[in-house]
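*Asks:* quick one, structure for this:
(one chain, ligands or ions: 1)
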Amino acid sequence: MLLEIKNLKVSYKTVNGKTTVLNNFELNMDRGDSIAIVGESGSGKSTLGGAIARLLPPSGEESGEIILNDQNLLSLTEEQMTKIRGTEVFMIFQNPLNSLNPVKTVGFQLSEAAQIKAQRNGTSVAPEEINKIVVDALKSVRLPDPDQIVKRYPHELSGGQVQRVVIAMALILRPKLLIADEPTTALDVTIQAQVINLLKALNKEYGMGIIFITHDLSLAYVISKKIIVMYAGTIMELNESSDLIKHPDHPYTIGLLKSVPTDYKTNTRLFYIKGSPPSFFNLPKGCRYSPRCDKAFGKCHEFEPSLIDVSNGHKVRCWLFE
Ligand SMILES: Nc1ncnc2c1ncn2[C@@H]1O[C@H](COP(=O)(O)OP(=O)(O)OP(=O)(O)O)[C@@H](O)[C@H]1O
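*Replies:* Alright, predicted model coming up:
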């Protein structure tokens, strides 16, 4: 087992009081697994990513257990956490500039990553070897002219180039778990496809476990073996990606799938799920999705269903399946 999350609770302190965004969150992930977390804006996806990497803002509070490689991350001090960030867990953000230091050149930062990796492996590497590791990583992510790129500062590169530099850093550090939070949202579609293929390669070729956070079900399907559909801070459905796409069970998953445009006729009206996700300050009684659900019946508005096992590895939180 690579990652086991038990009873995770995350709250934020706000001017209107404390709001709990994730409650009783559970997740199991094997080594080399790839799991996508999908849901509408505000469903708690980034909060989950930040909670795992212990990179929540100061207003965030988390409790429960996040066991990565037999170590509960929530019991580590910030100093201990700093020692495992990068090589055990590495996070890629939607804005790749957040992952890099703006006042250090790309070459400096990638060399530093190579040195950290060597130190943590208990080995030493000569400067020329470091330079080769850096240039090779930049070539692997298909950045042209690596000798020029290393001399530049992050702001001197395009968004797609910076995201590839960050992936080169992941390639050097080879973390056991990579959390990619909407890494391609800010990129155009061709660069997006290149970045997705690079992430898939990290997963397949180096056995890196990947948690891919996205609002885009098609991307989730392309990149991951399993998909978790989240709504208002809870898991609504979890299944193998192809099964989830072909046989969605939860009415929310069905709605999300129907919202993905599939043909190019100009007179096609796009489907959307009526209503909007609830505020965490004012969650509906019963199932959180019930006010928007076209299949909701009496019980759904009264009691929250639990996440039940429908079949091996397939879980659904819906009264229709109890
Ligand atoms: N720093 C914060 N302080 C207070 N509330 C926050 C903070 N960050 C997030 N939230 C709240 O937590 C909830 C979940 O937000 P989160 O960003 O995790 O969702 P998301 O699914 O990643 O959304 P998006 O796709 O828009 O990034 C939202 O209601 C959001 O307003």
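
*Asks:* which residues does Pro251 contact?
*Replies:* Tyr289, Cys293, Asp294, Lys295, Ala296, Cys318, Leu320 (C-beta atoms under 8 Å, 6 or more residues apart in numbering). All C-beta atoms are positioned from the backbone trio N, CA, C, and that covers glycine.

*Asks:* out of these, who's the most crowded?
*Replies:* Of all the contacts of Pro251, the highest neighbour tally under other C-beta atoms under 10 Å goes to Tyr289, namely 26 neighbours.

*Asks:* what residues are up against that one?
*Replies:* Contacts of Tyr289 by C-beta under 8 Å, 6+ apart are Tyr231, Ala232, Met236, His250, Pro251, Tyr252, Ala296.

*Asks:* next, Ile66: phi, psi?
*Replies:* Ile66 adopts backbone torsions of phi -120, psi 100, taken as degrees, to the nearest 10.

*Asks:* that one: neighbouring residues, count only.
*Replies:* 23.

*Asks:* contact partners for it?
*Replies:* Neighbour list for Ile66: Leu3, Glu4, Ile5, Leu8, Ala51, Ile52, Asn72, Leu73, Leu74 [criterion: C-beta under 8 Å, 6+ apart].

*Asks:* out of those, who's nearest Pro305?
*Replies:* Checking the contacts of Ile66 against Pro305 by C-beta to C-beta gives Leu8 as the nearest, at 19.3 Å.

*Asks:* just the closest residue of the stretch 101-250 of the chain to the ligand, please.
*Replies:* His215 (5.3 Å; C-beta to the nearest ligand atom).

*Asks:* that residue: how many residues sit nearby?
*Replies:* With other C-beta under 10 Å as criterion, His215 counts 16.

*Asks:* can you pull the contacts of it?
*Replies:* Residues near His215 by C-beta under 8 Å, 6+ apart: Val38, Gly39, Glu40, Ser41, Lys45, Glu182.

*Asks:* secondary structure element for the nearest residue in space to the first one that is not next to it in sequence?
*Replies:* Using C-beta to C-beta, 6 or more residues apart in numbering and skipping the chain neighbours, the partner closest in space to Val38 is Ala220 (4.8 Å). Element membership for Ala220, per DSSP states H and E: helix 217-223.

*Asks:* show residues contacting the worst-scoring helix or strand of the chain on mean pLDDT.
*Replies:* Sorting the helices and strands of the chain by mean pLDDT, DSSP states H and E puts helix 189-206 at the bottom, at a mean of 88. Contact with helix 189-206 is made by 32, 34, 141-142, 159-160, 163-164, 167, 170-171, 174, 178, 180, 183-184, 187, 208-210, 212, 219, 222-223, as judged by C-beta under 8 Å, 6+ apart.

*Asks:* one more: stretch 137-155?
*Replies:* Residues from elsewhere that reach stretch 137-155, judged by C-beta under 8 Å, 6+ apart: 96-97, 100-107, 110, 134-135, 157, 161-162, 164-165, 167-169, 171-172, 194, 198.

*Asks:* need the buried ones from these selected in ChimeraX.
*Replies:* Typed into ChimeraX, the line below selects the buried ones among the contacts of stretch 137-155, using 16 or more other C-beta atoms under 10 Å:
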select :96,97,100,105,106,107,110,134,135,157,161,162,164,165,167,168,169,171,172,194,198
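
*Asks:* just the ones in helices from the contacts of stretch 137-155, please.
*Replies:* Secondary structure from DSSP state H places 106-107, 110, 134-135, 161-162, 164-165, 167-169, 171-172, 194, 198 of the contacts of stretch 137-155 in helices.

*Asks:* one step back: could I get the contacts of Ile66 in JSON lines, plus columns for neighbour count?
*Replies:* As requested, the contacts of Ile66 are arranged in JSON lines below (neighbours: other C-beta atoms under 10 Å):
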{"residue": "Leu3", "neighbour count": "22"}
{"residue": "Glu4", "neighbour count": "16"}
{"residue": "Ile5", "neighbour count": "21"}
{"residue": "Leu8", "neighbour count": "21"}
{"residue": "Ala51", "neighbour count": "26"}
{"residue": "Ile52", "neighbour count": "23"}
{"residue": "Asn72", "neighbour count": "13"}
{"residue": "Leu73", "neighbour count": "23"}
{"residue": "Leu74", "neighbour count": "17"}
